[in-house]
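S.K.: sequence plus predicted model, see below.
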2 protein chains.
Amino acid sequence: MKQNIYDNEAFFNGYSKIRENEYNANNLFEKPALYSLLPDLTGKAVLDLGCGFGENCIRYVDKGAKRVVGVDISEKMLAVAEAENSNISITYLKMPMEDIGELRERFDVVVSSLAIQYVEDYQGLVNNIYNLLNDGGVLVFSQEHPINTCFSSGSRWTKDENGKKLYANLEYYSVDGVRESTWFVDGVKKYHRTLSTVINTLIGSGFRIDKIIEPVPTPELLREHPEYDDLLHKPDFLLVRATKVC
Amino acid sequence: MKQNIYDNEAFFNGYSKIRENEYNANNLFEKPALYSLLPDLTGKAVLDLGCGFGENCIRYVDKGAKRVVGVDISEKMLAVAEAENSNISITYLKMPMEDIGELRERFDVVVSSLAIQYVEDYQGLVNNIYNLLNDGGVLVFSQEHPINTCFSSGSRWTKDENGKKLYANLEYYSVDGVRESTWFVDGVKKYHRTLSTVINTLIGSGFRIDKIIEPVPTPELLREHPEYDDLLHKPDFLLVRATKVC
C-alpha cells in the first residue's frame, strides 16, 4: 500500500505552513545534517526520493550535480516543485518511491529527506536503491528517529505538575511495524524500525555505514531558540550515510 | 579516573547474587547475542576486556581459541575467575581496561561484555583496541543501551494509577557524559554516549560496522518470563560487531 496523504487538502495546507516557518526543525537541524553528509556532487547524477517541493533538488544543482531526478508520490507537491524549483538539469517524476525499481537510469548519489519512515517495505527499498547506484555510489538519508517513530498513543512527554517536560516517553521501541498517528489528518501511517533494523538492513544489502547523525541543538542555538531544548532529551531525526560496496 | 566499584563488598555481593539467577537478563539476552556475533574462534588469540568471573573466557577456549587473555580491574572478580574458570590457555590480568595500551601481545578478536559504559575515554579505548588487533581482526562488545545509560534521576518508568508501566522515561539522551547512579552502592559512574557517538567513533578509528543487535525477548520466552516485557518498550543492551580495516 503506497500512502499518499500529501494530496489531502488539510495535510498539504498544514504541512506547507510548518515549512513556511524559517526556524522550523527541518531548517535548523535536518537540512544542515543532511547536507553535511553529501559527497562532492560535482558532475554527479542524483536521485532524490520523496523530493516534495524540490527545495533540495535545486540545492543539489547549485552544488554541482549535472543531473537530478526528484521522485514524489504527490501531485500537489510536484506542482510546487515545478513552479518554484525547476531547472534544466532537474526532472520531477510522479512516482511512489516503492516503484523506483522501474527506473532505467543509474545514479551516483541517492538522497532522501524525511520520507523513508512512510515506506513499509524497507528491505525492498534498500535493494532498489542498491541496484540504482553505480559502484561506490552513496546513499544519504534522514528519517524520523526510531525514538520517535516507535510512539503511537497517549502523551509523548511525562510532565511535572507545572507542565514542565521531565521525560520523553518511549513506547514499544523494540517492536518494528506500522504506527498510526494524527498529523493534520487522521490515520497517517509510519513504519517504525529499530536502529538495528535500519543499520543491519543496509549492511546486509551491500552497503558500508559511513556515518550516523542524531542532530542536537548547539548551546548558541538554544539561547536563541530555547523551545528546542526538547531535543536534548530526544533527537527528532536520524541521518545515515552509506556507500555501495561490491 | 579508573573506577573500581567491583572490589566494594556490598557491590560484589549484590552483583554476585544477580548472576546466580539462571534467568537473568545477561543469560537470556546479552550472552546469546554476544556469542552470535563472534567469528569462528578456532586457533584465535582473544582478549576479553572486563572479563569479571571469567565465564566468557572459558567459553572462548571451548569454542577453539588457542589463547585467551582476560583483563579486569577487580581483584575479587579475578579471584573467582582463577578459582572457577582457569585453563592452561587463559591468562587473567589485573588491569584497568584503560591501560591495555601497555599490552605487547596482538589479538585476532577483542571481546567485551557490559563493561565499556564504565570507561570515560571511549575514543582512547577504541584506539587501543584498534592497535591491539591484527589486520582484519574483530571487535565484539555489549554495553548498556544508550536508551538506558542516558538516564540519571527519578523514575525510569511512567506508570498508570495501577502501577502498570506505560512508557520508558528517556532523559537527556542527546547529551553525552557521565551519569551517577546507585547500583548496590552509591555514586556508580557510567558514561552515556549516543548511538551516533558509539558508531562514528568506531568508523572514524578504522573499523567497519558489521552488525548491531538490540536484543528483544521472543514471544516464546515472554510466555515463560512475562517479567521481560519491559524490553519491548526499551532494550537493555546494545551489541556491536566491527572489523578492523586498513
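M.R.: That came in fine, so what should we check first?
S.K.: list the buried residues of the top strand by length along chain A.
M.R.: Scanning chain A for the strand with the most residues, using DSSP state E, yields strand A:133-144. Neighbour-count burial for strand A:133-144, counted by 16 or more other C-beta atoms under 10 Å in any protein chain shown, picks out A:L133, A:G137, A:V138, A:L139, A:V140, A:F141, A:S142, A:Q143, A:E144. Any C-beta I mention is one placed from the backbone N, CA and C, and that applies to glycine too.
S.K.: thought the first one was touching A:D108?
M.R.: Yes - counting by C-beta atoms under 8 Å, A:L133 does reach A:D108; the two are 7.4 Å apart.
S.K.: check the residue most central in space within chain A and give its pLDDT.
M.R.: In chain A, the centroid-proximal residue (C-alpha atoms, centre = their mean) is A:L114; its distance is 1.6 Å. Note for A:L114: predicted pLDDT of 96.
S.K.: so who does it touch?
M.R.: Going by C-beta atoms under 8 Å, 6 or more residues apart in numbering or on different chains, A:L114 touches A:N26, A:E30, A:G50, A:S142, A:Q143, A:E144, A:F237.
S.K.: tell me what the fifth one is bridged to.
M.R.: So the one you mean is A:Q143. For A:Q143, the beta-bridge partners are A:L238 (DSSP bridges).
S.K.: quick one, what contacts it?
M.R.: A:L114, A:A115, A:I116, A:Q117, A:T149, A:V198, A:F237, A:L238, A:L239.
S.K.: give me the distance between the longest strand of chain A and the centre of its chain.
M.R.: Computed by C-alpha atoms, centre = their mean, to the nearest Å, the separation of strand A:133-144 from the middle of its chain amounts to 12 Å.
S.K.: A:P235: neighbour count?
M.R.: Around A:P235 sit 27 other residues, with neighbours defined as other C-beta atoms under 10 Å in any protein chain shown.
S.K.: got it, and A:L93?
M.R.: Residues contacting A:L93 under the criterion other C-beta under 10 Å number 15.
S.K.: quick check: it vs A:Q143, distance?
M.R.: Distance, A:L93 to A:Q143, using C-beta to C-beta, to the nearest Å: 21 Å.
S.K.: again, but for A:T182
M.R.: 19 Å.
S.K.: likewise for A:D229?
M.R.: Distance, A:D229 to A:Q143, using C-beta to C-beta: 22 Å.
S.K.: with adjacent residues omitted, what lies nearest to A:G70?
M.R.: Spatially, and ignoring its direct neighbours in sequence, A:G70 is nearest to A:C51 (3.2 Å; C-beta to C-beta, 6 or more residues apart in numbering or on different chains).
S.K.: check contacts around the one you found.
M.R.: A:C51 makes contact with A:C57, A:G70, A:V71, A:D72, A:M77, A:L78, A:A81, A:Y92 under the criterion C-beta under 8 Å, 6+ apart.
S.K.: give me that answer again for 10 Å
M.R.: A:57-58, A:60, A:68-72, A:74, A:77-78, A:81, A:85, A:90, A:92-93, A:97, A:111-113, A:115 (C-beta atoms under 10 Å, 6 or more residues apart in numbering or on different chains).
S.K.: how about A:L139?
M.R.: By C-beta under 10 Å, 6+ apart, A:L139 lies in contact with A:37, A:47, A:49, A:107, A:109-112, A:126, A:129-130, A:132-133, A:202, A:207, A:210, A:240-244.
S.K.: so which helix or strand takes in the residue with the largest distance to the centre of chain A?
M.R.: Using C-alpha atoms, centre = their mean, the residue of chain A lying farthest from its centre is A:E161. It sits 35.2 Å away. Of the helices and strands defined by DSSP states H and E, none includes A:E161.
S.K.: next one, pLDDT for it please.
M.R.: You'll see A:E161 listed with a pLDDT of 89.
S.K.: cool, and the one 5 residues further on?
M.R.: Looking at A:L166, its pLDDT reads 89.
S.K.: that older thread, who touches whatever helix or strand comes next after the longest strand of chain A?
M.R.: Downstream of strand A:133-144, the next assigned helix or strand under DSSP H and E is helix A:146-149. Residues outside helix A:146-149 that contact it (C-beta under 10 Å, 6+ apart) are A:117, A:143, A:156, A:168, A:170, A:173-174, A:176, A:179, A:181, A:190-198, A:214, A:233-238, B:146-147, B:170, B:173-174, B:195, B:214, B:234.
S.K.: what mean pLDDT does helix A:146-149 have?
M.R.: Helix A:146-149 shows a mean pLDDT of 93.
S.K.: hang on, the earlier thing: just the buried residues of the contacts of A:C51.
M.R.: Buried among those by 16+ other C-beta under 10 Å: A:57-58, A:60, A:68-72, A:74, A:77-78, A:81, A:85, A:90, A:92, A:97, A:111-113, A:115.
S.K.: I figured A:K211 hits A:L239, correct?
M.R.: Yes - here A:K211 reaches A:L239: they are 8.2 Å apart, a contact under C-beta atoms under 10 Å.
S.K.: who's more crowded, the two?
M.R.: Neighbours per residue (other C-beta under 10 Å) separate A:K211 from A:L239, with A:L239 holding more: 24 against 17.
S.K.: got a list of what the more buried one touches?
M.R.: Applying C-beta under 10 Å, 6+ apart to A:L239 gives the contacts A:29-30, A:33-34, A:36-37, A:113-114, A:140-143, A:145, A:211-215, B:196.
S.K.: list the buried residues for stretch A:115-130?
M.R.: By neighbour count with 16+ other C-beta under 10 Å, stretch A:115-130 contains the buried residues A:A115, A:I116, A:Q117, A:Y118, A:V119, A:Y122, A:L125, A:V126, A:N128, A:I129, A:Y130.
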